[in-house]
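Participant: Any chance you can model this:
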Amino acid sequence: MKKKWLAIGTVLLIVSILFTILLTKVDVKAIGPNSSTVGFSTINTRLTFNYNETVYKASKYLGYIALMIPCVYALIGLVQLIKGKKLSSVDKRLYKLAIFYALVLATYVLFEKVIINYRPVILDEGLEASYPSSHTLMSIFFTISAIIINKSMFKDKFNIINTCLFILGISIVILRLVSGVHWFTDILGAVLLASTLLAYFKACIKE
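Facilitator: Residues are numbered from 1 along each chain as shown. All right, here's what the predicted structure looks like:
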């Protein structure tokens, strides 16, 4: 099972890299604000929604909730550390989760520096990096990795919570797409990257 998830993660990683490269080469046109360019312009023109401020704010506030998820597992680790009084008393799976949180953050920072394209709308700060959708990337990874870790550490004790986490993650992705603050390919790219990290994370916590 571990090898299976490693293989899935590797395939997704290759697809993510190829997709990102193609986004800079295929059907690139100046269809964004201030004549900013974006790849797969025909697809993006057809599948990107018009800006909706209400939906945007809803996705933003739900995103804040998703950002609290890492704090929960940090607290669980802290409680284990206090009780055990040594670093080895903290569940190794929590350390692995922390490493993947760092990878998510590193991915976000990377694409803030290496700008693939800009948002389809100008908000408060002028042209902003848009690929991949950081809200989508983080919400998918934070919610689904929480479900994975819950099932691994606590078995079936948190089924209701896991259902709520899944709904939260999907809701943020849908709202982010419908809000019109990202191109369709921004959302798709974020889904691919998040899925890649989740597959590797799944492999890492498998015994």
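Participant: what about residue 75, neighbour count?
Facilitator: Counted with other Cβ atoms under 10 Å, the neighbours of residue 75 add up to 10. C-beta: built from backbone N, CA, C; applies to glycine.
Participant: Name the helix or strand for it, please.
Facilitator: Assigned by DSSP states H and E, residue 75 belongs to helix 69-84.
Participant: Buried residues in that helix, which are they?
Facilitator: Within helix 69-84, the residues scored as buried using 16 or more other Cβ atoms under 10 Å are 69-70, 73, 76-77.
Participant: And what about the most centrally placed residue in the chain, helix, strand or coil?
Facilitator: Nearest to the mean C-alpha position of the chain, by Cα atoms, centre = their mean, lies residue 137 at 1.3 Å. Secondary structure assignment for residue 137 (DSSP: H, G, I helix; E, B strand; the rest coil): helix.
Participant: now it, nearest residue through space, not along the chain?
Facilitator: Nearest residue to residue 137 in three dimensions, chain neighbours excluded: residue 190, at 4.2 Å (Cβ to Cβ, 6 or more residues apart in numbering).
Participant: Would you mind listing where the protein has pLDDT under the threshold?
Facilitator: Along the chain, segments meeting pLDDT under 70 span 207.
Participant: would you list every one of the strands in it?
Facilitator: When assigned using DSSP state E, the chain turns out to have no strands.
Participant: Centroid-wise, who is the farthest residue in it?
Facilitator: Distance to the chain centre peaks in the chain at residue 85, reaching 33.4 Å (criterion: Cα atoms, centre = their mean).
Participant: Can you tell me how far it is from residue 79?
Facilitator: Going from residue 85 to residue 79 by Cβ to Cβ, to the nearest Å gives 12 Å.
Participant: With residue 106 instead?
Facilitator: Distance of residue 106 to residue 79, computed by Cβ to Cβ: 27 Å.
Participant: Over to residue 152?
Facilitator: Note on residue 152: its distance to residue 79, by Cβ to Cβ, is 18 Å.
Participant: and if you look at residue 172?
Facilitator: Per Cβ to Cβ, residue 172 is found 28 Å from residue 79.
Participant: How about residue 16?
Facilitator: The gap separating residue 16 from residue 79 is 35 Å, by Cβ to Cβ.
Participant: now swap in residue 163 and tell me
Facilitator: 24 Å.
Participant: What of residue 135?
Facilitator: When distance is defined by Cβ to Cβ, residue 135 is 29 Å away from residue 79.
Participant: Skipping adjacent residues, who's closest to residue 172 in space?
Facilitator: Nearest in space to residue 172, with sequence neighbours left out and distances taken as Cβ to Cβ, 6+ apart, is residue 139 at 3.9 Å.
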